[in-house]
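J.: Need the 3D shape of this:
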Amino acid sequence: MALPDYFLQELKDRSDINDIISSYVNLKRRGKNLVGLCPFHNEKTGSFTVYPENGSFYCFGCHAGGDVITFIMKIENLDYIEAVKFLAGRAGLKMPEDGVDDSLSKLKTRVLEINRETARFYHSCLMSEEGKKGLEYFTKRGLSQSIIRRFGLGYSPDSKFALVNHLKKLRFTNEEMIAANVALPTRSGNVIDRFYARAMFPIIDLRGNVVAFGGRILTDEKPKYINTSDTPVYKKSQGLFAMNFAKNVKDERLILAEGYMDVISLHAAGFTGAIASLGTSLTSEQAKVIARYAKEVVICYDSDEAGQKAAQRAIPILRDTGLLVKVMAVPGNKDPDEFIRMNGKDGPARFKQLLESSGNDVEYRLLKLKTGFDLKSNDGKVRYLTAASEVLSSLENAIELEVYAGKLSEEIGVEKSAIINQSKKISAQRRRQREKKQLRDDIKFMGTEDSKVNPEKAENPRVANAEEGIIAYLFYNSDALRYVSERLPAQEFRTSFGRRVYSFIINHNSVTKPLSLTDFTQEFTVEEMSAISRILASRNEARVSARDADEYIDIIKHEAAFKGADQILKADEEDIKNYFKALRDKKK
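T.: The predicted structure is shown next:
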């Protein structure tokens, strides 16, 4: 049984789409709508649009769309019921008790319970005799008892059955433990601990839930670290270690470090804005989370070659979110944890000096480039300036470009205008490449998306377009419902998807209670909601008129007589004459 209409109506009334999306996306007014950079894909020009009039959003870049519930499902990685619960909690509404199919939601709840109990178990093991090796490791790394408790650090015992036996006593099933990725299946059909004989780092999400774990081996065995794989409650590409603490930092500056211990040491030294990506290179999804809570991010990766390459990869990803990016180099090829510990009581103060003197990402990249060329030779100068122009081509701020082009001009003895022109030329080339790629992606998207949501559209593009026009017309003109439905029965729709949406509108629309996109969310998938949003968004500015609707009805009714070339071949002469007569009459 679906959620009751009265509840959804109250939820919709209390969940203003502008307010909710504005807490994730920087929106600017454009006429009666709001526009911003899409949180679901990287873009430099805002194509993400919010339509307050009908409570929908749509991105013309990646084609994500829907209502406020769909947005929360996508941005928070929740299923439908969880997104409704999220919004209900925000609005102070109590969820209806009965009639909800929330099997996935129940599994996620069980996985979170397993994670919480697992974190408690590992922490208790750390404080017991069997966790002595783990506690010695943390203590040698300079961690106090308060920091160990604050981060919930633990130890997974040497036995491969310690955790699963503990969880079985708490009545968790093998399937639930496997779903949480704290246990692995065996050939015999039993399960064993995924983590054993490791120092354990619980990963906590922004709502305070333990969602995953990282485990470090205390010997020379490989792999050094293993991490929880994706589960119903955790997506590695979105997670950030210690973001649950760092999100509360007041100076809107975060420090992006490389590992768990670096982050914990920085927090212990008073730098509570430290975070780390989780076992992966930084992703665009993680960068977007960072941009929600900060204006500036300082990359503080290890000084070795791998760390510096990782920093180079992270810079453009962070820049694309609008963050001010800086890079700090720790002397002596040390990581932040080592640097702070080797400087004893002066460690925090010295690290702060490094932090405050860190250069921005442009200076960092130019400095790195400079070391790779012989600037005493003309060839070296040309190659350096060509590479430097590549760096400057990413600058959108004209003043920033002027400043760095001026510095390069003084340094190498080349006209500033030449450097600026070269940078702009490269920027223009990149823009054209992006536009071509976007066009290819759009074409590819429309094909794949239509094949998923409306596979019949490719064979019947004219009729499918007419169907979409009718859907948009009725959405915005509920008073025309009776007229249209009498002229056009649902069974005359050519595409199954169009027929489903049209039937839904006929059954749920009324003059007294106009439709909103939220009414669709229980009946249609996230992908289908995006398709419906596209139908509405593409016809938002130039609304479908009553005359347009009549033409669309004629197209659907007349062309429905023949559903493909094979049917035309099978039709008798009288049918074909009537078909073409109808088309001629329509044109008159």
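J.: just for this protein, where's the confidence low?
T.: Scanning the chain for pLDDT under 70 picks out the ranges 1-2, 97-102, 279-280, 434-451, 509-514, 560-588.
J.: Which parts of it belong to which domain?
T.: Listed domain ranges for the chain are 5-91, 104-227, 243-359, 366-430, 455-587 (source: automatic domain parsing).
J.: first to last residue in the first one, what's the distance?
T.: In this case it means domain 5-91. 16 Å (CA to CA, to the nearest Å).
J.: if we can go back for a sec, could the domains of the chain be laid out in a markdown table, adding mean neighbour count?
T.: Placement of C-beta: from N, CA and C, glycine included. Formatted as a markdown table, those follow (neighbours: other CB atoms under 10 Å):
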| stretch | mean neighbour count |
| --- | --- |
| domain 5-91 | 19 |
| domain 104-227 | 18 |
| domain 243-359 | 19 |
| domain 366-430 | 15 |
| domain 455-587 | 16 |
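J.: As a markdown table, the ones you listed with distance to Lys236 would be great.
T.: A markdown table is the format used below for the domains of the chain (distance: least, CB to CB, whole Å):
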| stretch | distance to Lys236 |
| --- | --- |
| domain 5-91 | 11 |
| domain 104-227 | 7 |
| domain 243-359 | 6 |
| domain 366-430 | 27 |
| domain 455-587 | 21 |
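J.: closest to Ser237 out of the ones you listed?
T.: domain 243-359 (4.5 Å; CB to CB).
J.: Quick one: end-to-end length of the closest one, please.
T.: Terminal-residue distance, domain 243-359 (CA to CA): 24 Å.
J.: can you check stretch 207-221 too?
T.: So stretch 207-221: terminal residues 35 Å apart, CA to CA.
J.: Figure out how far that stretch is from the centre of its chain.
T.: 23 Å (CA atoms, centre = their mean, to the nearest Å).
J.: Over to stretch 213-228?
T.: 27 Å.
J.: Equivalent analysis for stretch 146-157, please.
T.: 30 Å.
J.: Pull that stretch out as CSV, backbone CA atoms only.
T.: Provided in CSV are the C-alpha atoms of stretch 146-157 (Å, rounded to 0.1, in the frame of the first residue of the first chain):
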residue,chain,number,x,y,z
SER,A,146,40.7,10.7,24.3
ILE,A,147,41.5,10.7,20.6
ILE,A,148,41.2,6.9,20.4
ARG,A,149,37.7,7.2,21.9
ARG,A,150,36.7,10.2,19.8
PHE,A,151,37.4,8.4,16.6
GLY,A,152,36.2,5.0,17.9
LEU,A,153,39.4,3.2,17.0
GLY,A,154,39.5,-0.5,17.5
TYR,A,155,41.2,-3.8,16.8
SER,A,156,40.0,-6.9,14.9
PRO,A,157,41.1,-10.0,16.7
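J.: Other residues contacting it?
T.: If you take CB atoms under 8 Å, 6 or more residues apart in numbering as the criterion, stretch 146-157 is touched by 119, 121-126, 130-131, 133-135, 138, 143, 162-163, 193, 195-202, 204, 210, 215, 242, 264, 267-268.
J.: do stretch 419-427 as well
T.: Counting by CB under 8 Å, 6+ apart, 385-386, 388-390, 392-395, 401-402, 405, 408-409 sit against stretch 419-427.
J.: what's the answer for stretch 71-81, then?
T.: 17, 20-21, 24, 39-40, 57, 64, 66, 69, 82-83, 86-87, 100-102, 104-105, 108, 235, 238, 521-522, 526.
J.: Looking at those residues, which are in helices?
T.: Ile17, Ile20, Ile21, Ile69, Glu82, Ala83, Phe86, Leu87, Leu104, Ser105, Lys108, Val526 (DSSP state H).
J.: Show me the helices in the stretch 101-250 of the chain, by range?
T.: Taking DSSP state H, counting those that start in this stretch as the test, the helices found in the stretch 101-250 of the chain are 103-126, 132-140, 145-150, 162-169, 174-180, 243-246.
J.: want to throw those into JSON lines with distance to Phe493?
T.: Conversion of those to JSON lines gives the following (distance: least, CB to CB, whole Å):
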{"stretch": "helix 103-126", "distance to Phe493": "31"}
{"stretch": "helix 132-140", "distance to Phe493": "64"}
{"stretch": "helix 145-150", "distance to Phe493": "59"}
{"stretch": "helix 162-169", "distance to Phe493": "51"}
{"stretch": "helix 174-180", "distance to Phe493": "40"}
{"stretch": "helix 243-246", "distance to Phe493": "47"}
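J.: Figure out which of these is closest to Pro455.
T.: helix 103-126 (25.9 Å).
J.: Also compute the angle for the closest one relative to helix 132-140, please.
T.: 80 degrees (axes from the mean of the first three to the mean of the last three CA atoms, to 10 degrees).
J.: And Val463, how far from Tyr196?
T.: 61 Å (CB to CB, to the nearest Å).
J.: cool, and Thr386?
T.: Taken as CB to CB, the span from Thr386 to Tyr196 is 53 Å.
J.: give me every residue that touches Tyr225.
T.: Tyr225 touches Gly214, Gly215, Arg216, Ile217, Gly279, counting by CB under 8 Å, 6+ apart.
J.: before we move on, the earlier item: of all the helices of the stretch 101-250 of the chain, which one is nearest Glu467?
T.: Of the helices of the stretch 101-250 of the chain, nearest to Glu467 by CB to CB is helix 103-126, at 31.7 Å.
J.: Outside of the closest one itself, list whatever touches it.
T.: 79, 81-82, 85, 131, 134-135, 138, 148, 152-157, 162-163, 166-167, 170, 172, 176-177, 179-180, 182, 195, 200, 202, 209-213, 231-233.
J.: Same check on stretch 208-221?
T.: By CB under 8 Å, 6+ apart, stretch 208-221 touches 112, 115-116, 118-119, 122, 133-134, 137, 152, 156, 181-182, 195, 197-205, 223-228, 231, 233-234, 236, 239, 241, 244, 260, 278-279.
J.: Show me the residues you listed that map onto strands.
T.: Among the contacts of stretch 208-221, the residues falling in strands (DSSP state E) are Ser156, Arg198, Ala199, Met200, Phe201, Pro202, Ile203, Ile204, Tyr225, Ile226, Asn227, Phe241.
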